[in-house]
Each structure stands twice: as C-alpha cells, then as structure tokens.
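*Asks:* My questions are about this predicted structure, shown below with the sequence.
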Amino acid sequence: MLDVLRRIVQEVNGARNLNAALSTMVRRIRKAMRTDVCSFYLFDVEQQRLVLMETIGLHAQAVGQVSLRLGEGLVGLVAQREEPLNLEDAHGHPQFRYFAETGEERFSSFLGVPIIHQRRMLGVLVVQQQDKRRFDEGDEAFLVTMAAQLAGVLAHALATGTLNRPSRDVGQAVFTGVATSPGMVIGEALVIAPPADLDNVPDLVPTDIDYEIKRLKDAIYRVRDEIRAAGERLASRISAQELALFEVYQQMLGEAALAQEVEKRIREGQWAPGALADVVRRHVQYMERVDDDYLRERAADVRDLGRRVLAHLQEESPQTPDTFPERTILVGDEISVATLGEVPRGKLAGLVSIRGSSTSHVAILARAMGIPTVLGMVDLPLPRLNGAPVILDGHRGRLFVRPDEELKNHYRSLIAEETALAEVLEHEQDLPSRTPDGHDMPLMVNTGLAVDAVASLKTRISGVGLYRTEVPFMITERFPGEQEQMRLYRDQLESFAPLPVVMRTLDIGGDKDLPYFPIEEANPFLGWRGIRVTLDHPEVLMVQLRAMLRASQGMGNLQILLPMVTNVDEVDDTLKLIDRAQAELAEEGVEVERPKIGVMLEVPATLYQLESLAERVDFFSVGSNDLTQYLLAVDRNNPRVAELYDACHPAVLAALARLAQEAVALDMPTSVCGELAGDPAGALLLMGMGFDALSMNTPSLPRVRAAIRRVPLAAAEALVHETLKLATPGEVRAHLVKRMGEWQLDHLLPPKD
Ligand code: PEP
Ligand code: MG
C-alpha cells in the first residue's frame, strides 16, 4: 500500500499543472481502492463553498457546477467537522443531499476525508461505491494518509496559482501573510517570475504582436537547433528507437504544431512567454487526463520542450523590466536580496512573497530600507497579479488586489495619519535617548547597505551596533578582494567616525547564501554558518580581517564582532587570526590599533559560557533573532512555524533577563542587535533588564526613542518583573499592549484592526 501511496503522491507532485494532477489523483485513488467514484471538492474561501473540482465516476459536467456550504450534505459535514465520515448507506444519513447533476443517487457507500494543511481545511476527498460496502479501517487509513500527503502539494498549487480557483480572477481580493516590515502603500504589482517556470509566467498584453511572434520563432528555432545537435552528439551511443524520439521532438516544434497555436494565442492578446505557457499547459493537461501511458510520457516531453523555449524567451527579456511603475510592489515566489537591488531605490515601494518570514534576511533588509513588506503569503495567485493595482499593508500583513475607491480612500487617510505621526516623532529625534528619570539608553543602528550610511544619523545615535558585512558580499559576483572590501569598510568607518562601528565577520550559511558560494545542507540553520564557515576558510576570513584592519588605520572606531560562536575555541582561533592579520599589516608598514573584539550571543550554548568568553573578548552583542530561533527550536525562515517564532516567548525573555544580570556581574558591555531591540515594547523590556545599548534598523529609531523618553527606567524594570511571571507569549504580548496603552504609547505599536 505504501508503494501505491508513494507513487500517487509522486505523480501528483510531478504534474506541472494542478488541474491535471487532480485528475491523475482521482483516477489513481479510484483504481487503488477498487471503487466506483473518487471526487475532490475544493474549499473556496471567498465563496465559503466546497466546489466539485474533479471527479471520476460522477457526471463530468457537474465539475465546477456543484457546490455546497460548510455543513451542507455529507461533503459539507466532513469539511465542517474536519473528520472522516464513513457510511455504508449514505442515503440513510439525515444530512444526505442529492444533486441531480452528479447522478449520485446510484451510489450507496460513502467515505469522505478532509484535506487539511497547517490547520486550514482545503477541501474534501470522497470515494463512493454503488453496492453497499463498508469501507474498512484500511481503506479509511489509506484515504486519510493520501489526503495528508496531498495537502502540501495542494496548498502550494493554490498559492502559486497553478490551480485555477472558481472565483479568483476578477474584482477585489485580499490575501494575508506575515507582517514583516511596517508601513502602507498604494501601488502596482510587479511579478518576478523564476526562470523557465511555465507555471509562473505572468500574463502580459503585448505591445508589439509581430515582435512577440518573431522572438517566439527565434526561440523555437534555437531549441530545434539544440535538439538536432544533441541528437547528432548521441547518435552513436543510443538506440535507433531512442534516436527517433529526437525526431518526434523536432516534429512537435515544427511550424505546423506548437508554434502555430502559440502564435494564435499571441494574436489573441498574450505576450510570447504567456502564450507559450498557456498552450503547453493545455496540451499537457489534455495528455495527462487520458488513461494512456504513452501519451502521459509525451506530456512530460511537451512540458520539457516548453520549458526550453521559455528559457530562450526569457534570456531575451530580462525578468525584471527596464521601466518600473512609480510605486512598484515586487511580488514573487521568493524574493532574493539581489532582486531587491534591481529595482531603483526611488521606485521600490513594497515587497510581497509566498516564501520567507519576518526574520529572514530579505525581511531584515526591507526593514532597514523602510519598505513595507509582507512575506509568507502562501495563498497568492502569482500569475494573475502582474500589473494589478494593489494596496500593501505591512502592519497587518495584507495585500488588497484591485481595491475599490472606498478602500483606497480609507488607506489614503491611514497613510496620512502615519505620515503625520512620523513628522511629530521627527521633532524629537535630535533629543537624547534618555528616560524621564535620567537614564541614558544608547541607541545604535544596524547597517549593511551603502544607503544606511546617512550623515544626518550621526547626531542621533551612539554608533553602528551591527554592520552585516555579508550584505555587500551578496550583491557581488565573487568574493570581493581586500582592496574592494577595504574601501567599503573605510566608507562605513568614515561616515560614522568618531562613533564606534561594530563590523561583523562574514555571517553566511543558514538562509544567507552567496550566489558564488552555495551551501547545500539538510539543516542549514544548524549547519555551516557564520564563524564555522570562515574558520574553515581562513583565506576568506584573513582577507576580510586584513581589509577591516587596513580600513581602520588612523580611525580608531572599528570593533569586530564574531557571529554564530558556539565554542570558546572558535574565539581563540579567530583571535589568533586577528593577531596574525595585524602582524602582517605591520610587516607591510601599516600600523593599526587592535580593535575591540566582541562575541555574538545567539547560540544558547554561549549563555552557559559567559565567564570563559568574557575572559577573551571586550564586549557581547546579543543576536536575539537567532537566540530566539535556537531556544525555541523554530526555524526563523519557515512560514509554517512563523506563529511559534516569538522573541517575547517567556523562555526567551527569561534567558535574556538572566544574561543581562550575568553580564553586569562580569562587567561586560552587552548590547542587543536583534529585531527585538527595534520594537518599542521590546526595547523597554531590554532597557529594564539592564542592557547597555540597543541596535536597530534606522526606521525603528523614532518609535523606540519616543518610548524611552516617556517611560522611566523604574517603570521599565517593573515591566520586566511583571512580564517574567507570565506563562505564554500571548499573555506577554497582551500585557505589553496593556501597559503601553496606560503609558499612552499605543500609537507606537503596530496598528491592529
Ligand atoms: C541575530 O541573530 O539576532 C542577528 C542580529 O543576526 P542576523 O539576524 O544577521 O542573523
Ligand atoms: Mg544572527
């Protein structure tokens, strides 16, 4: 049975188009369970109805026509209860409802199971049989397992738009994801499609039909050439039968077949990549529906050919266009740091993606740049969004597609309010970050992009608490050389001198890959990350250390921070390399001071080695993002567990409070540079715990400063005391909101509905 299950899931997974996959699925299940009917009902969230999407055994014309409310009929009951329902005599059940279109009165036995993904009911899978048959425990277990396996495939297909929902395309729609970077914006969606993915080609109306047809023909011509060449290369090594396949490919690409159809679609008003994707999808869908192994295999060939042609078309038309809408909202399956860099700064107004969550590095950059962002929007129908007018709400994690005038006006007034608040806060930005009872709380900034080095900042901060050196590394095409790095670092040091600049050594691994140094691992966040990588590559680390030291010549404001430290040995080894770099530079006649060295406290193991670490370095910096992820065992980048990731979890707060106390006892200057420091309520807690400095993204400064200037240290200490008694993250958040309200600081918190 396991084998059958695996094969069905594989087939469904392998099908590029979900409509075809569903058809495969119902056929295979019917066969495996030796029953008369297998049907799939999709839950359409907008209509709140279960719609018959695919069936084998019921009348085909009922597909898309029959729909039920939650709780209506047997299928509705399964969906409502979110439990399997197994009946020998379905007609006898009080909930039985008859739909003439389906011809279903002929069937007596019924077994239905819900398909649930991440606690969300996506639909119902049903098998039925004409004669009275009690589906046994094995049948039920099979269908439940099948549904559980299919849930992920289905959720992804719904998210990427490969499954055409009954009511999705037109009119206003709203999608929700993880609120990642605050702010609201009204703009236009620009969909970034991954290369050569037929399922993610956006729809676009061509401006020049002849040009689209010409480039289609060119692309087909090149693929024919490639296939001919491949055939010739392989001629001596493969059988005549296999070689004949190349001939079939050539025919498929011939003028009369695919090309003509695509051309027709272009003339109907679709650009070449979109037309190609439409035609290929239609063919593949048809071929996959037919119960014929030969045709099924040919479907894979057609898909492959389509992908090849698309790759050529995309070579020619860059994925990101030359002209961007004035207020571009970038939308994609996944948005890379590099893509972020492609949109002109002035036009990038928002970011939305299916993958990613609020502590991923794209998220951190977006916050640093002050760009409203919502990630983990798993429901997004990508291919239908390009060019659509949208409203992005980064506070509430929402994207409104094709909003009506009323909604737009509502958002215009919310945006105006927010701008007014920003102006009010701006007035106090040059005032000290000091509590009403006279406690100074130094505020620092996290940087990484050149854009962060703004001169006006200098008077408002105590320095750069974290310069993420991997960011410039991510934008280059190879490891930058010593001189190149030196110039970058010098720029930072000079921009902020005489304030300290804490430069972190290269922190790659986890979700931060360099395009030219990919790291493939099963558990990247528990793997080769940060100092583990650089100690294994001293040639990379030495270049960086030398560049930092060289840049610091005559400046005196460099501090070096070591990421992802787990063992004291790692610190010793790095210190030796720093000494060596300093000595090498001295040999070259470059005399530099030894900078202060710090360790990031982000792996829980370090919390138990504070004393040994303190003996070796000059300061600590708490990476609350990673500390949270490792203490809670929640991947910071996984939307599936995003709700469990919370820096205000009682365990994290308890660890931080204790750490702050121990740091005081050890007389070690300790700051916090994770996202918690940039949250006004989080900042108050950290101040109350006794941390020496808070480092955050520049856009977070105004709100944090406003909070600190209004809450006495004694009150922040009391807040810590109260909070540490609470048992759940929800209670902690609620308590923080309550206190912030009492202090009349609720306007500093992210707006909620
Ligand atoms: C952290 O982990 O809190 C941190 C500041 O580092 P990063 O987010 O770059 O991993
Ligand atoms: Mg970290």
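*Replies:* Yep, it's here. Here the structure is a predicted model, which means the values were calculated and not measured. Numbers count the residues shown, from 1 in each chain. Ligands and ions are numbered 1, 2, ... in the order given.

*Asks:* which residues in the stretch 201-350 of the chain form helices?
*Replies:* 209-234, 240-253, 260-267, 272-289, 293-316, 337-342 (DSSP state H, counting those that start in this stretch).

*Asks:* Out of those helices, the one nearest Tyr516 is which?
*Replies:* helix 337-342 (11.5 Å; C-beta to C-beta). For the C-beta atoms, the positions are set from N, CA and C on the backbone; glycine is no exception.

*Asks:* ok so, going back, I'd like the helices of the stretch 201-350 of the chain as a markdown table, with distance to Asp513, mean neighbour count and mean pLDDT appended.
*Replies:* Listed next are those as a markdown table, based on distance: least, C-beta to C-beta, whole Å; neighbours: other C-beta atoms under 10 Å; pLDDT from 0 to 100:
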| stretch | distance to Asp513 | mean neighbour count | mean pLDDT |
| --- | --- | --- | --- |
| helix 209-234 | 30 | 16 | 80 |
| helix 240-253 | 35 | 14 | 68 |
| helix 260-267 | 36 | 18 | 88 |
| helix 272-289 | 27 | 22 | 82 |
| helix 293-316 | 22 | 17 | 74 |
| helix 337-342 | 10 | 17 | 67 |
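
*Asks:* So which of these is nearest Ala716?
*Replies:* Closest among the helices of the stretch 201-350 of the chain, once you apply C-beta to C-beta, is helix 337-342, at 35.1 Å.

*Asks:* re earlier: include distance to ligand 1 when you put the helices of the stretch 201-350 of the chain into JSON lines, please.
*Replies:* Formatted as JSON lines, the helices of the stretch 201-350 of the chain follow (distance: least, C-beta to the nearest ligand atom, whole Å):
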{"stretch": "helix 209-234", "distance to ligand 1": "41"}
{"stretch": "helix 240-253", "distance to ligand 1": "47"}
{"stretch": "helix 260-267", "distance to ligand 1": "46"}
{"stretch": "helix 272-289", "distance to ligand 1": "36"}
{"stretch": "helix 293-316", "distance to ligand 1": "32"}
{"stretch": "helix 337-342", "distance to ligand 1": "12"}
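
*Asks:* thought Gln118 was touching His156?
*Replies:* No. The pair Gln118 / His156 is not scored as a contact, 11.6 Å apart, by C-beta atoms under 8 Å.

*Asks:* The two - which one has more neighbours?
*Replies:* Per other C-beta atoms under 10 Å, whichever of Gln118 and His156 has more neighbours is His156, with 17 against 13.

*Asks:* In contact with the more buried one: list those residues for me.
*Replies:* Val378 (C-beta atoms under 8 Å, 6 or more residues apart in numbering).

*Asks:* For it, what is the enclosing helix or strand?
*Replies:* His156 is located in helix 137-160, with elements delineated by DSSP states H and E.

*Asks:* Which positions within that helix qualify as buried?
*Replies:* 139-140, 142-144, 146-147, 149-151, 153-160 (16 or more other C-beta atoms under 10 Å).

*Asks:* can you map out the helices along the stretch 601-750 of the chain?
*Replies:* 604-607, 610-616, 624-632, 650-666, 680-689, 701-708, 713-723, 729-742.

*Asks:* coming back round to it: next secondary structure after the helix holding His156?
*Replies:* Next along from helix 137-160, by DSSP H and E: strand 173-176.
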